[in-house]
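Trainee: structure of the sequence below:
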Amino acid sequence: MLPRLKLPPTPAALALIAAAYILPGLTGHDLWKTHDAVGIGIVHHMATTGELLVPGVAGVRWLFDPPLYYWVATAVGKLLSLLPFHHAARLASGLFLALAFCFIWRAARDWEPEEERRPSTATAAMLLVLGAVGLMVHAHEALPELAGLAALCGAFAALPHAQTRPVVAGLAFGAALGLAALASSWIAPLAVAIAALAARFVCRDWRSPAVSVFLLIALPLACVIAASWPVALALRSPEAFAEWRALALPVYARPVQGLRFYLVTGSWFTWPAWPLALWTTWYARRRWREPRLFVPAAATLAMLAAFPVWGSNEDVDLILFLAPLALFAAHAVFIMRRGAVGALDWFGVLAFGFFTLAVWFFYLVLMLGVPAPVARNLERIAPGYVAHFSILAALFALALACGWLYLIFFTERAPTRSLARWAGGIVLLWGTAAMLMMPWVDYQKAYRSVALELREKLPPGAGCIAQKGLGVSQASALDYHAGIRARPFDPLRPDACPLLIVQGFAEEDIDDPPSKRWTKLAEVGRPGDRIERYRLYRHK
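Mentor: The predicted structure is shown next:
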């Protein structure tokens, strides 16, 4: 009989769970559409040009994001030169995610007043971040929001010490908020700063000179660090600074629609943190002036009010919500009713078990070719794909399954059991899919074949290349894989470049050149993609 697993897990066991979640999928795939391709493209631009102050992708300025993540990814990519550059650079995402787990664990532990509950509260907060459904794929892409998440978790880790060690905690809190602003959106660190400032007047425990010293140190320091890159950018390129300022402060005229987006998307993206946060809100409503409850709750509400107005209305913004939301929701593990705990527990067990079995089924179909109808459908999705068996990948997936079964059947009753099983299911599903199906998925999603095929069709010494309708992520992939860097097509000077790349649709001709004086040299697309087409033309 196997020994029962005691909960909460030890820090070493949590580190093992985090590693099993972080590492699979960080390497082993090419640039993926949108966020990952853009991120790697910016890092590649910095590494090849040495330009660190003005980020760019495929020769075009990219000022939608501050550069902290890209600086770290560039350094990691250069240090680990034995790996392919995009694999090495993407390891920065794993580094920031590991820091986020460590900081949120520390924040929840240090802010828990009852000694015997500290390990459980800390474990719950970390597992709520790890177990967020929407983070599963994004955690393994080149995303600046992951650096922002780590910095926000670091800021929360400093807050429990605001009264006892105001100087050190103020320096740490201010530095973390400043780095969060240099990592991604300014909205999230500002929301946390406002929540901490409001707590000074609302929370009785924080009405002390020590907290005033803490804030007087932290907030100016955060402003100085956050302003360092914009000031350097203004000195380096006033034009780029003006562009960044316009992009950093967009005011959308549809805040109601934006709020609806964040609420609807957040309902699955942050699951299961948000229902636990609601549970905490109800049962701790008479203790809402405690700083450990007020600050994360106020920060979450401030972010929810600001992002619909100034945010990008993309699901990656919700990564930044996970830090305060998980810290607030972690308290629910001690007050949830047994029926609610059981519902969450077995829903996760059944859902992750079913989807993991589905992954294994499709993997065996790819390997064996049976049943034939399913194999033909998979071939239709990825025509030309040739499956290769990897004993290491299969053994790793089997090890994850064994670990998950042990977690299901041999864990003792504890407040964190449902969250441990949920997080274990996330690790199982992602790790299994990454190990077994990543080559098949990468074959369809990557743009390497498109880039190399277009490069083969380029006439030698043809000169510059123009582009029409080419997306940023596609331009980044063409530049990274094939060195194809196209400039925007100028309709006033259609013959300025002898070559033209047009991204369009297979069924329509709206993407054809505006003149008949073009000869089509190639038309390519990703395997199985019947929508996006890339046409190469030469001017006659």
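Trainee: which stretches of the stretch 51-200 of the chain form helices?
Mentor: Taking DSSP state H, counting those that start in this stretch as the criterion, the stretch 51-200 of the chain contains helices spanning 68-79, 85-111, 118-130, 135-138, 144-158, 166-183, 187-202.
Trainee: between helix 144-158 and the longest one, find me the angle.
Mentor: Compare the direction of helix 85-111 with that of helix 144-158 by axes from the mean of the first three to the mean of the last three CA atoms, to 10 degrees and you get 20 degrees.
Trainee: packing partners of helix 85-111?
Mentor: Contact here means 3 or more CB pairs under 8 Å, 6 or more residues apart in numbering; DSSP states H and E; on that basis helix 85-111 packs against helix 11-22, helix 35-49, helix 68-79, helix 118-130, helix 144-158, helix 322-329. Using the backbone N, CA and C atoms, a C-beta is placed for each residue, glycine as well.
Trainee: which residues touch the third one?
Mentor: Yep, that's helix 68-79 we're talking about. Outside helix 68-79, the residues within contact range by CB atoms under 8 Å, 6 or more residues apart in numbering are 39, 42-43, 46-47, 52, 55, 85-86, 88-93, 95-96, 142-144, 146-147, 179, 182-184.
Trainee: quick check: mean pLDDT of the longest helix along the chain?
Mentor: Selection of the longest helix in the chain by residue count, based on DSSP state H, yields helix 338-368. For helix 338-368, the per-residue pLDDT values average out at 91.
Trainee: check which element follows that helix along the chain.
Mentor: Following the chain from helix 338-368 toward its C-terminal end, the next helix or strand by DSSP states H and E is helix 372-381.
Trainee: got the CA positions of whichever helix or strand comes after that next one in CSV?
Mentor: Toward the C-terminal end, the helix or strand that comes next after helix 372-381 (DSSP H and E) is helix 391-409. Presented in CSV, the C-alpha positions along helix 391-409 are these (Å, rounded to 0.1, in the frame of the first residue of the first chain):
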residue,chain,number,x,y,z
ILE,A,391,10.2,7.1,-26.0
LEU,A,392,11.2,10.0,-23.7
ALA,A,393,8.0,11.9,-24.5
ALA,A,394,5.8,8.8,-23.9
LEU,A,395,7.6,8.0,-20.6
PHE,A,396,7.2,11.5,-19.4
ALA,A,397,3.5,11.5,-20.2
LEU,A,398,3.1,8.2,-18.4
ALA,A,399,4.9,9.5,-15.4
LEU,A,400,2.5,12.5,-15.3
ALA,A,401,-0.4,10.1,-15.4
CYS,A,402,1.0,8.0,-12.6
GLY,A,403,1.6,11.1,-10.5
TRP,A,404,-1.9,12.4,-11.1
LEU,A,405,-3.5,9.0,-10.2
TYR,A,406,-1.5,9.0,-7.0
LEU,A,407,-2.7,12.5,-6.2
ILE,A,408,-6.3,11.4,-6.8
PHE,A,409,-6.4,8.2,-4.8
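Trainee: show me the helices in the stretch 401-540 of the chain, by range?
Mentor: Taking DSSP H, counting those that start in this stretch as the criterion, the stretch 401-540 of the chain carries its helices at 417-445, 448-457, 472-482.
Trainee: with mean neighbour count, distance to residue 124 and mean pLDDT added, can I get those helices in CSV?
Mentor: Supplementary listing: the helices of the stretch 401-540 of the chain in CSV, determined by neighbours: other CB atoms under 10 Å; distance: least, CB to CB, whole Å; pLDDT from 0 to 100:
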stretch, mean neighbour count, distance to residue 124, mean pLDDT
helix 417-445, 22, 6, 94
helix 448-457, 17, 41, 91
helix 472-482, 23, 36, 93
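Trainee: can you redo the ones you listed as CSV with distance to residue 336?
Mentor: Formatted as CSV, the helices of the stretch 401-540 of the chain follow (distance: least, CB to CB, whole Å):
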stretch, distance to residue 336
helix 417-445, 8
helix 448-457, 47
helix 472-482, 41
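Trainee: I'd like to know which of the ones you listed is closest to residue 302.
Mentor: For the helices of the stretch 401-540 of the chain, the distance to residue 302 is smallest for helix 417-445, at 25.9 Å, taking CB to CB.
Trainee: for residue 478, give me its contacts.
Mentor: Under the criterion of CB under 8 Å, 6+ apart, the neighbours of residue 478 are 58, 447, 450, 451, 454, 470, 484, 485, 486, 501.
Trainee: at 10 Å what do you get?
Mentor: When the contact criterion is CB atoms under 10 Å, 6 or more residues apart in numbering, the partners of residue 478 are 37, 41, 58, 447-448, 450-452, 454-455, 465, 467, 470, 484-486, 501, 534.
Trainee: residue 64 versus that one, what's the distance?
Mentor: Distance of residue 478 to residue 64, given as CB to CB, to the nearest Å: 20 Å.
Trainee: tell me how far residue 295 lies from residue 137.
Mentor: When distances are taken as CB to CB, residue 295 and residue 137 turn out to be 30 Å apart.
Trainee: same drill for these two, tell me which one is more crowded.
Mentor: residue 295 (27 against 15; other CB atoms under 10 Å).
Trainee: and the more buried one, helix, strand or coil?
Mentor: On the three-state scheme (DSSP: H, G, I helix; E, B strand; the rest coil), residue 295 is labelled helix.
Trainee: that one contacts residue 211, correct?
Mentor: No - taking contact to mean CB atoms under 10 Å, the distance of 11.4 Å between residue 295 and residue 211 leaves them out of contact.
Trainee: between the two, which contacts overlap?
Mentor: In the contact map built from CB under 10 Å, 6+ apart, the residues linked to both residue 295 and residue 211 are 162, 196, 199, 203.
Trainee: so what's the third one up against?
Mentor: Contacts of residue 199 were listed using CB under 10 Å, 6+ apart, and they are 159, 162, 205-207, 211, 215, 289-295, 298-299.
Trainee: now the second one
Mentor: Neighbouring residues of residue 196 by CB under 10 Å, 6+ apart: 155-156, 158-159, 162, 173, 177, 203, 206, 211, 214-215, 218-219, 291, 294-295, 298-299.
Trainee: restricted to buried residues, select the contacts of residue 199 in ChimeraX.
Mentor: Once 16 or more other CB atoms under 10 Å is used to decide burial, the buried members of those can be selected in ChimeraX as follows:
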select :159,162,206,211,215,290,291,292,293,294,295,298,299
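Trainee: so, low pLDDT: which residues of the stretch 1-150 of the chain?
Mentor: Flagging of the stretch 1-150 of the chain using pLDDT under 70 yields the residue ranges 1.
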